[in-house]
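1. Got a sequence here, can you model it:
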Amino acid sequence: MLEAYDPELINAVVVLTDGMNDDGTPEDDKKQFAALLADVKLNSDGENSKPVRIFTVAYGTGADPRELRQISEASNATAYQATDATTINQVFAAVVSNF
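-> Take a look at the predicted model:
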């Protein structure tokens, strides 16, 4: 993601997910999340930062938005939640309004 970073452009990613870390190794989920959050914060702040805003969308009725919200906030972006196909259009319109 950072290889294509251009300070003259809007650098952002939109992630649509259920918010669950289900990679098959639950014993390291907290460690993985902590490392990801540290990387996001490192690239978002500071003199040598290359900020990429990460807009997260928790999709579905069982979606867990807590960690997604932390990722978005660490990158100076916004987290959204869409429970069904009807609300997803509204959410994407809100995401696009950030640009």
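2. now do the same end-to-end measure for stretch 77-90.
-> Stretch 77-90 has its terminal residues 17 Å apart, counting by Cα to Cα, to the nearest Å.
3. In that stretch, which residues are buried?
-> Neighbour-count burial for stretch 77-90 flags 77, 78, 79, 80, 81, 82 (criterion: 16 or more other Cβ atoms under 10 Å). Just so you know, the C-beta spots here come from the backbone N, C-alpha and C atoms, and that holds for glycine as well.
4. can you check stretch 34-50 too?
-> So, applying 16+ other Cβ under 10 Å, buried residues of stretch 34-50: 36, 37, 40, 41, 43, 44.
5. Which of the residues you listed sits closest to residue 6?
-> Lowest distance from residue 6 to those (Cβ to Cβ) belongs to residue 43, with 14.1 Å.
6. mind checking pLDDT for that closest one?
-> Note on residue 43: pLDDT of 83.
7. on that earlier part again, tell me the one among the buried residues of stretch 34-50 nearest to residue 53.
-> Closest approach between the buried residues of stretch 34-50 and residue 53, by Cβ to Cβ: residue 44, at 8.2 Å.
8. Please report phi then psi for the closest one.
-> phi -100, psi -20 (degrees, to the nearest 10).
9. From the chain's centroid, how far away is the worst-scoring helix or strand of the chain on mean pLDDT?
-> Every helix and strand of the chain was ranked by mean pLDDT, DSSP states H and E. The lowest is helix 29-44, at a mean of 88. Distance of helix 29-44 from the chain centroid (Cα atoms, centre = their mean, to the nearest Å) equals 11 Å.
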